[in-house]
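Student: Next one to model:
(2 chains)
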Amino acid sequence: MLAPPSAPPHAETYVALERVTHTYGRDDRQVKALDETNLKIDKGDFIALVGPSGCGKSTILKLVTGLLTASSGYVFVAGREVGAEPVRVGIAFQNPTLLPWLTLRDNVMLPLKIVPPFRQEYHAKRRTEFRDRVDALLDQVGLGGFGSKYPWQLSGGMMQRASLCRALVHEPQLLMLDEPFGALDQFTREELWAIMQELWIAHRPTVLLVTHDLKEAAYLANRICVMQARPGRIIDDTIVLFPRPRTIAISFDPRFVALTQRLRELIVVASPPKDSNP
Amino acid sequence: MNAQFRRRIASAALIIGFFVAWELLCLAFNVKDIVLPRPSQIIVTLIERIPAIWPHAVQTLYTTLVGFALGIAFGVLIGVVIGSSRLAYDVAYPLLVGFSSIPKVAVVPIFVLWFGAGTVPAVLTAMILCIFPIVVNVATGLATTEPELEDVMRALKASKLDILLNVGLPRTMPYFFASLKVAVTQAFVGTVIAETVASNRGIGNLMMIASSSFDVPLVFAGLLILAALGVALYVIFSFIEMRVTGWARRKDEFALG
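Tutor: Numbering: from 1, shown residues only, chains lettered A, B, ... in the order given. Take a look at the predicted model:
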């Protein structure tokens, strides 16, 4: 019953971390967030990073995005060192981080105003083609008709949907999700998982999802990396073979339960002593 | 809406009550108009002598607005520079606090020394007085931009200028407009101080001359003009603020356009 993984067997590597170490702070107050970490992500793959708090999940995400520069080691994106190649990146955080002075439509359109090649055409197309594209995307996540609302007029779940749209509108090759569903209620979260999966199947960006939710990781990802904390390291790498499109029913499958159970045990072991020993 | 209406009625009643009480107390205690003229006398004086007062009022308004405009231009410029980086903010802040704590009246003689008596020192004093609230608010607004908003922009490879134009400045607008309301009244104070000390035109000068010839109702008429101009400018900038930065107060009127 298990289907082969969705990524083709010999996909090209899109993101690679080679012996990456990252340290925060300086001198006597240093914290090693990431220690000699290696990771390869195939083009078009969907990978989830799970682990205890402070294990460097978000650090990896920021290194790959180029928001941080590694203390040592190499981060490659699209075959060259990060930042060298103009890769389109979409990013969504736990916080929707929408701009309160813009309508939902203008918020989602923001990347088109910034990122080439859309940037050059922004003024010519913002009332026609781009507007249609944004509205289609809003429709897809169930926000049709809300385009001219302001973020503060919407619920948290709706803002988070808009935030996902903003991360996807410029057809990013790389999609970075830093616990984007973390602050939502269970039902909204499960609904957004389905939407996220749909969007991924439609656009096939390379996705790096950082999450605390093991069910979320198992539902969405093709591959799950478990990390340990202090120093941060990848200690387990599991391929998730459930066929797509997955539905929430899959979370009751015994193999799904067994997978999340195994991940949970790994994380408990990986947690720093003072956290696991109350 | 009803509660708001009642609040407005109460405010208006308080203002009218203040002037009525003033009038009545002056009558009751038989206060001479050389000490404190009654509001009715002040208004009569204002109406009778408006041809003489008017050019001075225009001069004061002109000086204030020019000083205010310069204050906005330089204030925003300095505020953007200081607020754009953590380092600039930390380095420049002590100097800024030092400058802003100088009593600005004290610099009028220096301006007079440099530029002679007249309009120029008044414009400069108005500018100096209104520039600090603007600089501090713009810099604070920029410096407190949420790092996550910047991360979203940086992930899109936005340039510093892109971030400033699309996130920094719009986010700073509520701070900026809040400072404008304070700044415009400060500019008035600056103009009048300079006119009082070293000028031959403007309401400040008018009041100075009137008080030296014990024409007290005219002094108060000048004061009334100043109050009216100050309130008018405050109202204008409050209105612009509401239109531009309604999002910050989550006003539904703003969302309706």
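Student: Quick check: bridge partners of A:L177?
Tutor: Bridge pairing for A:L177 (DSSP bridges) gives the partners A:A92, A:L209.
Student: In this structure it contacts A:T206, no?
Tutor: No - using Cβ atoms under 8 Å, A:L177 is not in contact with A:T206; the gap is 11.5 Å. Backbone N, C-alpha and C define where each C-beta goes, glycine included.
Student: Point out where the stretch 151-278 of chain A drops to low pLDDT.
Tutor: A:272-278 (pLDDT under 70).
Student: Show me what from it comes close to chain B.
Tutor: Contacts of the stretch 151-278 of chain A with chain B, taken as Cβ under 8 Å from any Cβ of the partner chain, map to A:W152, A:Q153, A:R166, A:H170, A:M176.
Student: Using CSV, write out the CA atom coordinates for the helix or strand hosting A:I267.
Tutor: Using DSSP states H and E, A:I267 sits in helix A:254-270. This file holds the C-alpha atoms of helix A:254-270, laid out as CSV (Å, rounded to 0.1, in the frame of the first residue of the first chain):
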residue,chain,number,x,y,z
PRO,A,254,-1.3,2.6,12.7
ARG,A,255,1.9,3.2,10.7
PHE,A,256,1.3,7.0,11.0
VAL,A,257,0.8,6.6,14.7
ALA,A,258,3.9,4.4,14.9
LEU,A,259,5.9,7.0,13.0
THR,A,260,4.9,9.9,15.3
GLN,A,261,5.4,7.7,18.3
ARG,A,262,9.0,6.9,17.2
LEU,A,263,9.7,10.6,16.5
ARG,A,264,8.4,11.5,19.9
GLU,A,265,10.7,9.1,21.6
LEU,A,266,13.7,10.4,19.7
ILE,A,267,12.9,13.9,20.7
VAL,A,268,12.5,13.0,24.4
VAL,A,269,15.9,11.4,24.3
ALA,A,270,17.4,14.4,22.3
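Student: Can you list the helices and strands that that helix packs against?
Tutor: Under the contact definition 3 or more Cβ pairs under 8 Å, 6 or more residues apart in numbering or on different chains; DSSP states H and E, helix A:254-270 sits against helix A:214-220, strand A:223-228, strand A:233-239.
Student: Show me what the shortest one packs onto, helices and strands only.
Tutor: Packed against strand A:223-228 by the contact rule (3+ Cβ pairs under 8 Å, 6+ apart) you find strand A:46-50, strand A:233-239, helix A:254-270.
Student: Point out the most buried one among those.
Tutor: The highest average neighbour count among the helices and strands packed on strand A:223-228, using mean count of other Cβ atoms under 10 Å in any protein chain shown, belongs to strand A:46-50 at a mean of 26.
Student: picking up where we left off before, reformat the helices and strands packed on strand A:223-228 as TSV; add distance to B:Q186.
Tutor: Below are those laid out as TSV (distance: least, Cβ to Cβ, whole Å):
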stretch	distance to B:Q186
strand A:46-50	53
strand A:233-239	58
helix A:254-270	58
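Student: Ok, which of the ones you listed comes nearest B:S179?
Tutor: Among the helices and strands packed on strand A:223-228, the nearest to B:S179 by Cβ to Cβ is strand A:46-50 (43.9 Å).
Student: List the neighbouring strands of that closest one plus their orientation.
Tutor: Looking at strand A:46-50 with DSSP bridges, its partner strands are strand A:206-210 (parallel), strand A:223-228 (parallel).
Student: can you put those strands in a markdown table and add mean neighbour count?
Tutor: Formatted as a markdown table, the strands paired with strand A:46-50 follow (neighbours: other Cβ atoms under 10 Å in any protein chain shown):
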| stretch | mean neighbour count |
| --- | --- |
| strand A:206-210 | 26 |
| strand A:223-228 | 23 |
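Student: ok, which stretches of the chain are helices?
Tutor: Reading this off chain A. A:57-65, A:104-114, A:118-125, A:129-140, A:156-168, A:186-203, A:214-220, A:254-270, A:273-276 (DSSP state H).
Student: nope, chain B
Tutor: Using DSSP H, helices in chain B cover B:2-28, B:39-48, B:50-83, B:86-100, B:108-115, B:119-143, B:147-155, B:160-163, B:169-198, B:203-212, B:216-245, B:252-255.
Student: give me the number of residues near B:I131?
Tutor: Other residues near B:I131 number 29, with proximity taken as other Cβ atoms under 10 Å in any protein chain shown.
Student: so who does it touch?
Tutor: Each residue near B:I131 by Cβ atoms under 8 Å, 6 or more residues apart in numbering or on different chains is listed here: B:G71, B:F74, B:G75, B:I78, B:A183.
Student: Identify the farthest-apart pair in those residues.
Tutor: Greatest spatial distance in those: B:I78 and B:A183, 13.2 Å, computed using Cβ to Cβ.
Student: These two - which one has more neighbours?
Tutor: Between B:I78 and B:A183, counting by other Cβ under 10 Å, B:A183 is the more crowded of the two (28 against 19).
Student: Domain ranges for chain B, per the record?
Tutor: Recorded structural domains for chain B (assignment: automatic domain parsing) are B:1-31, B:35-255.
Student: Tell me which of these lies nearest to A:L68.
Tutor: Closest among those, using Cβ to Cβ: domain B:35-255, at 10.1 Å.
Student: distance between the closest one and the chain's centre?
Tutor: 4 Å (Cα atoms, centre = their mean, to the nearest Å).
Student: what number of residues lie near A:G73?
Tutor: 17.
Student: Return the distance of it relative to chain B.
Tutor: A:G73 sits 21 Å away from chain B, going by Cβ to the nearest Cβ, to the nearest Å.
Student: List the contacts of that residue.
Tutor: A:L17, A:E18, A:R19, A:V20, A:T21, A:E36, A:T37.
Student: what ranges of chain B fall below the confidence cut-off?
Tutor: Under the criterion pLDDT under 70, the flagged ranges of chain B are B:1, B:251-257.
Student: Contact residues of it facing chain A?
Tutor: For chain B, the contact set with chain A under Cβ under 8 Å from any Cβ comprises B:146, B:148-149, B:151-158, B:162, B:166-167, B:170-171, B:173, B:245, B:247-248, B:250, B:252, B:254-255.
Student: one more time with 10 Å, if that's ok
Tutor: Residues of chain B lying near chain A by Cβ under 10 Å from any Cβ of the partner chain: B:146-159, B:162-163, B:165-167, B:170-171, B:173-174, B:244-252, B:254-257.
Student: Disregarding residues adjacent in the polypeptide, which is nearest to A:E18?
Tutor: A:Y74 (4.5 Å; Cβ to Cβ, 6 or more residues apart in numbering or on different chains).
Student: so the one you found touches A:T37, yeah?
Tutor: No - A:Y74 is beyond contact range of A:T37, at 11.1 Å (criterion: Cβ atoms under 10 Å).
Student: Return the residues in contact with the residue in the stretch 1-150 of chain B that chain A sits nearest to.
Tutor: In the stretch 1-150 of chain B, the residue that lies nearest chain A is B:E148 (4.9 Å; Cβ to the nearest Cβ). Applying Cβ atoms under 10 Å, 6 or more residues apart in numbering or on different chains, we find B:E148 in contact with A:I91, A:F93, A:Q94, A:N95, A:P96, A:T97, A:D178.
Student: How about the backbone phi and psi for the fifth one?
Tutor: In other words, A:P96. The phi/psi pair for A:P96 (degrees, to the nearest 10) reads phi -60, psi -20.
Student: So it is in contact with A:S163, correct?
Tutor: Yes - shown here, A:P96 and A:S163 form a contact pair, counting by Cβ under 10 Å, at 4.2 Å.
Student: Identify the contacts common to the two.
Tutor: Residues within reach of A:P96 and of A:S163 at once, by Cβ under 10 Å, 6+ apart, are A:N107, A:P151, A:P180.
Student: number of nearby residues for B:N200?
Tutor: 12.
Student: Might you report the residue contacts of it?
Tutor: By Cβ under 10 Å, 6+ apart, the contact list for B:N200 reads B:Q59, B:A117, B:G118, B:T119, B:M208, B:I209.
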